[in-house]
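Undergrad: I would like the atomic coordinates for the input below:
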Amino acid sequence: MAGRKPKRKFTIRFELGLGGLLGLGVLVFCIFLWMFLLGIWSGQTILSPAAPDNNINALARLTADLWEKGKMAAPVNHGNEILSGLPTVEKEEVDSLFTLQVGAFRDSGKAVEMVKKWRKRGYTVFSMPGDAAEESLNRVFIGKFKNLADANAKAAALENSDNIRAYITLLPEAAFDKKVSAP
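TA: Numbering: from 1, shown residues only. I've put the predicted structure just below:
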């Protein structure tokens, strides 16, 4: 009987010296760096808005959602075609103003103290209790602004001068009449 020859297994063998290994490492690093930079570039391109109108459309959709949930007064359409599909009211019915929220306290006494402190510094300040039954926070606000640019400028000034974070809030003008303020 003839002896069987063992089957040869197919093998591939690479042999690299130190220089080849270093070159391969540099090549792999460059490929990963290129993929990383391409990913950042594509992410910035995809996530950044194509035109300024996209921001307005997103704001309009957000406003409509908040209005439908009852968390905000109905938006006012000033003849802007972007807002044409949204439910709106006439300007005479609801008018909103911007204000800066600088604090929120569960204890109404602390809110009154903060109002007094800001009034001593010469600011127009008021506080309001929360609207919903589950919200028991007394919020402290500074100023009334007709447009967002003025509110942004005042918020930046407060952050620079007083080192306090102010949050811009849109309130219906009727809320300013119901405000609770310190004596």
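
Undergrad: What's the end-to-end length of stretch 8-21?
TA: Terminal residues of stretch 8-21 lie 29 Å apart, using CA to CA, to the nearest Å.

Undergrad: what's that stretch in contact with?
TA: Here stretch 8-21 makes contact (CB atoms under 8 Å, 6 or more residues apart in numbering) with Leu24. In this view, the C-beta of every residue, glycine as well, is placed from N, C-alpha and C.

Undergrad: Give me the residues contacting stretch 151-158.
TA: In contact with stretch 151-158 (CB under 8 Å, 6+ apart) are residues Phe98, Thr99, Leu100, Val102, Ile142, Gly143, Phe145, Ile164, Ala166, Tyr167, Ile168.

Undergrad: Would you format those residues as TSV with secondary structure and neighbour count included?
TA: Shown next, in TSV, are the contacts of stretch 151-158 (DSSP: H, G, I helix; E, B strand; the rest coil; neighbours: other CB atoms under 10 Å):
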residue	secondary structure	neighbour count
Phe98	strand	21
Thr99	strand	27
Leu100	strand	23
Val102	strand	22
Ile142	strand	24
Gly143	strand	19
Phe145	strand	19
Ile164	coil	14
Ala166	coil	22
Tyr167	strand	13
Ile168	strand	14
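
Undergrad: Columns distance to Met114 and pLDDT on top of those residues, output as CSV?
TA: Compiled in CSV, the contacts of stretch 151-158 are given as follows (distance: CB to CB, whole Å; pLDDT from 0 to 100):
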residue, distance to Met114, pLDDT
Phe98, 20, 88
Thr99, 15, 89
Leu100, 13, 89
Val102, 7, 89
Ile142, 10, 89
Gly143, 14, 87
Phe145, 20, 88
Ile164, 11, 85
Ala166, 13, 86
Tyr167, 14, 86
Ile168, 18, 87
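
Undergrad: can you give me the helices in the chain?
TA: 18-47, 52-68, 108-120, 148-162, 173-177 (DSSP state H).

Undergrad: least reliable of those going by mean pLDDT?
TA: If you rank those by mean pLDDT, helix 52-68 sits at the bottom with a mean of 58.

Undergrad: re earlier: could you say which of the helices of the chain is packed most deeply?
TA: helix 108-120 (a mean of 16; mean count of other CB atoms under 10 Å).
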